[in-house]
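S.K.: mind folding the following:
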Amino acid sequence: MSFESYALLTRLIGFGLLILIGADLIELIMTVQLTDPSSEFRAIGRLIESVWFPLTAFVLIFFPYSENFREVRILAWLSYLPLAFAILYFLSVPLLIVNTSRLYNLGSFNLTRGIEAIDRELGDRQAFLEKVPDERLRQQAEALRKDSITDLTTIQEVRTLLNEELSRSAAQTKEQIQANVDASRGRLLRSTVKWLLGALVSGVAMIYIWRYSLWARRQSKFKPE
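M.R.: Reported below is the predicted structural model:
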């Protein structure tokens, strides 16, 4: 296979990848919810993690040199795409930081709201327990003694035991919510750091490809006789 045939084949593969990338970008833009920080965060991450496709496409398109003027003109126009991608990746850095902050604050809000809901439920149950008739609590005490769980003898002891159980259950639920929020924050921060580094590296790589493709822009200015 001659060099010209090899260059044409690699460029055709690169153009095919660009078409797929364009379709994927359109689908990404149509599905992202701009008012939802979680949707924006995932969309930016998806864009960064798929950087290998445009990188491969641009390498296949621009690295084989060409002297065909018509082909060079097309490549000169396409050579600005890596610069556009570089700007896109660099702009994703502040967007990632902003959305990370929004998601972190949202997690704190949900944690506070969850704990407040548990406290309200605990208060309601304890208030209900205070209104329970003594006869029912006396039956509860007899059941506890029968099961050899405790030797409670007074109504107040039963109320105290049940209050302690309610408080213990509420505390366990709070701990579980806190653990879930902490785990979510850990995943959020790890993803943010990974995607921030990926965005910076991707932007630099795109700038490098754009600078390399300078040969196409220069060559397009000299029309053969």
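S.K.: any idea how many residues pack against residue 190?
M.R.: Using other Cβ atoms under 10 Å, residue 190 has 10 other residues around it. Heads up, the C-betas are built off the backbone N, CA and C, glycines and all.
S.K.: how near is it to residue 63?
M.R.: The gap separating residue 190 from residue 63 is 34 Å, by Cβ to Cβ, to the nearest Å.
S.K.: same question for residue 43.
M.R.: In terms of Cβ to Cβ, residue 43 sits 30 Å off from residue 63.
S.K.: who has more neighbours, those two?
M.R.: More neighbours surround residue 43 than the other of residue 43 and residue 63, with 20 against 14 (other Cβ under 10 Å).
S.K.: can you tell me the closest non-neighbouring residue to the more buried one?
M.R.: residue 32 (4.2 Å; Cβ to Cβ, 6 or more residues apart in numbering).
S.K.: just list what the helix or strand residue 165 falls within packs against, helices and strands only.
M.R.: Per DSSP states H and E, residue 165 falls inside helix 155-212. Helix 155-212 is packed against helix 37-49, helix 52-62, helix 80-131, helix 134-146, with contacts defined by 3 or more Cβ pairs under 8 Å, 6 or more residues apart in numbering; DSSP states H and E.
S.K.: pull the helix or strand with minimum mean pLDDT from this protein.
M.R.: helix 134-146 (a mean of 64; mean pLDDT, DSSP states H and E).
S.K.: between the helices and strands packed on helix 155-212, which gets nearest to residue 17?
M.R.: helix 52-62 (3.7 Å; Cβ to Cβ).
S.K.: what's the next helix-or-strand element following the closest one packed up against?
M.R.: Sequence-wise, the next helix or strand downstream of helix 52-62 (DSSP H and E) is helix 69-78. Where contact means 3+ Cβ pairs under 8 Å, 6+ apart, helix 69-78 is packed against helix 52-62, helix 214-219.
S.K.: distance of residue 31 from residue 57?
M.R.: Counting by Cβ to Cβ - residue 31 and residue 57 are separated by 22 Å.
S.K.: settle it for me: which of those two has more neighbours?
M.R.: For residue 31 versus residue 57, neighbours defined as other Cβ under 10 Å are more numerous around residue 57 (24 against 11).
S.K.: so who does that one touch?
M.R.: 14-15, 17-18, 21 (Cβ atoms under 8 Å, 6 or more residues apart in numbering).
S.K.: take those and keep only those in helices.
M.R.: Among the contacts of residue 57, the residues falling in helices (DSSP state H) are 14-15, 17-18, 21.
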